[in-house]
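Chemist: could you look at this predicted model? Sequence included:
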Amino acid sequence: MNKLRIVVLLCAGILSFAACEKDDICVDADTPNLVIRFYDIIDTTQTKEAQNLIVSGLLPEGVQDTIDNVSLDSIVLPLRVDSNTTSFILSRQTSIDDKNIDTLTFNYETRELYQSRACGYIVNYDNLATNVNEPIDSLWIKEIRLVTTTIENTFSAHVKILH
């Protein structure tokens, strides 16, 4: 009777480990973010830091999650998966009393992709388009160029902002 118990426990242990799959831990799948690179308006091949940059997410409830007073030549921003539109306020503090403020709105279509049982679904973005709230002539952003209209990874830039 004791040997039978050992055999049953051994078989149960083997079966429980055999039921696990390699993909029970998710390490690769992640919804990609929007990558924006800043370039010089005069030499459009040269990256140029956006000095004193303040970036805020804009939701219907108000401003959310601010990145404050940084100098970067690129920035990675998350797009909303529950909407086809995401807006950001990008501003530059030029002096204590003066800010140049631009509101960028990104429009897109979401596409859900099943990765695995452990990872579940990720979202990719198609037909990316953007616009600025006011005429570009009066703002610090002089031109926006879409590098690609599909966002499937975060390895390269999707949008160029010339300033």
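Modeler: On my side now, so go ahead.
Chemist: quick check, Asp73 in contact with Gln51.
Modeler: No. The pair Asp73 / Gln51 is not scored as a contact, 10.5 Å apart, by CB atoms under 8 Å. For every residue, glycine as well, the C-beta is placed using N, CA and C.
Chemist: which parts of stretch 106-122 are buried?
Modeler: Phe106, Tyr108, Cys119, Ile122 (16 or more other CB atoms under 10 Å).
Chemist: run through the bridge partners of the first one.
Modeler: If I follow you right, that is Phe106. When bridges are called by DSSP bridges, Phe106 pairs up with Thr86, Thr130.
Chemist: how close does it sit to Lys160?
Modeler: Phe106 sits 14 Å away from Lys160, going by CB to CB, to the nearest Å.
Chemist: which ones are touching the nearest residue to Glu112 once chain neighbours are set aside?
Modeler: In this structure, Glu112 finds its nearest non-sequential neighbour in Tyr121, 4.8 Å apart by CB to CB, 6 or more residues apart in numbering. Residues in contact with Tyr121 (CB atoms under 8 Å, 6 or more residues apart in numbering) are Glu112, Leu113, Tyr114, Gln115.
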